[in-house]
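**Student:** return a 3D structure for these sequence lines:
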Amino acid sequence: MAYDEELAERIRTLLGNRAGLTERKMFGGLGFIVGGNMAIAASGQGGILVRVDPEESGELVATTAAEPMEMRGRQMAGWLRVDTEHVTDDGVLREWVERGAAYAGSLPPK
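**Tutor:** Numbers count the residues shown, from 1 in each chain. Coordinates of the predicted model:
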C-alpha cells in the first residue's frame with residue numbers, strides 16, 4: 001500500500017515553511033524531517049508515524065488513539081502509530097504534527 005497523498009499534503013500544509021524541513025520517501029511512506037530528524041510520516045501502511053519524546057510514549061498510548069510502533073516485531077521507543085481514522089480531524093492531526101515537529105526540532109541537528 002502506498003502512502004495517502006492527501007494525508008501527506010495535509011501534513012505538509014500544517015508544517016508550513018519551517019526551517020530545516022525536508023521530505024523523504026522511506027518505508028513505503030513519506031517522512032517529514034526537521035533538522036535532519038524524522039518528525040512525522042504519512043505511513044505506507046496508512047495513518048501516521050510520529051516521533052515523540054520516549055518518556056511521553058506510555059502516557060500518549062494510554063490517553064490517545066496512538067499505539068506503539070513496531071518494527072520487525074519490536075516496539076520502538078519514542079515512535080507512535082496513529083491510524084487514518086484518528087487523524088481525519090485537522091485539529092487532531094495538527095496536534096500530532098506539532099508534537100512530532102517540536103520533538104524532532106529539540107534534537108541535535110544531523
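
**Student:** any idea which residue of this protein is furthest from its center?
**Tutor:** When distances to the mean C-alpha position of the chain are computed (C-alpha atoms, centre = their mean), the maximum falls on Gly73, with 19.4 Å.

**Student:** do you have the helices of the chain handy? List them.
**Tutor:** Listed from the start of the chain, the chain has helices (DSSP state H) covering 5-15, 57-63, 90-106.

**Student:** ok, which of those comes nearest Val34?
**Tutor:** When the helices of the chain are ranked by proximity to Val34, the top entry is helix 90-106, at 4.1 Å, counting by C-beta to C-beta. To be clear about C-beta, it is placed using only N, CA and C from the backbone, and glycine gets the same treatment.

**Student:** what about that closest one, distance to the chain center?
**Tutor:** 8 Å (C-alpha atoms, centre = their mean, to the nearest Å).

**Student:** make a markdown table out of the helices of the chain and add distance to Ile33 and mean neighbour count.
**Tutor:** As requested, these are exported to a markdown table (distance: least, C-beta to C-beta, whole Å; neighbours: other C-beta atoms under 10 Å):
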| stretch | distance to Ile33 | mean neighbour count |
| --- | --- | --- |
| helix 5-15 | 10 | 16 |
| helix 57-63 | 20 | 13 |
| helix 90-106 | 7 | 18 |
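
**Student:** which one, of those helices, ends up nearest to Lys25?
**Tutor:** Nearest to Lys25 among the helices of the chain is helix 5-15 (10.1 Å), distances taken as C-beta to C-beta.

**Student:** what's next to the closest one, contact-wise?
**Tutor:** Applying C-beta atoms under 8 Å, 6 or more residues apart in numbering, the set of residues contacting helix 5-15 from outside is 21, 23, 30, 32, 34, 39-40, 42, 47-48, 84, 87, 90, 93-94, 97-98, 101.

**Student:** what angle sits between it and helix 90-106?
**Tutor:** Here helix 5-15 points in a direction 60 degrees away from that of helix 90-106 (axes from the mean of the first three to the mean of the last three C-alpha atoms, to 10 degrees).
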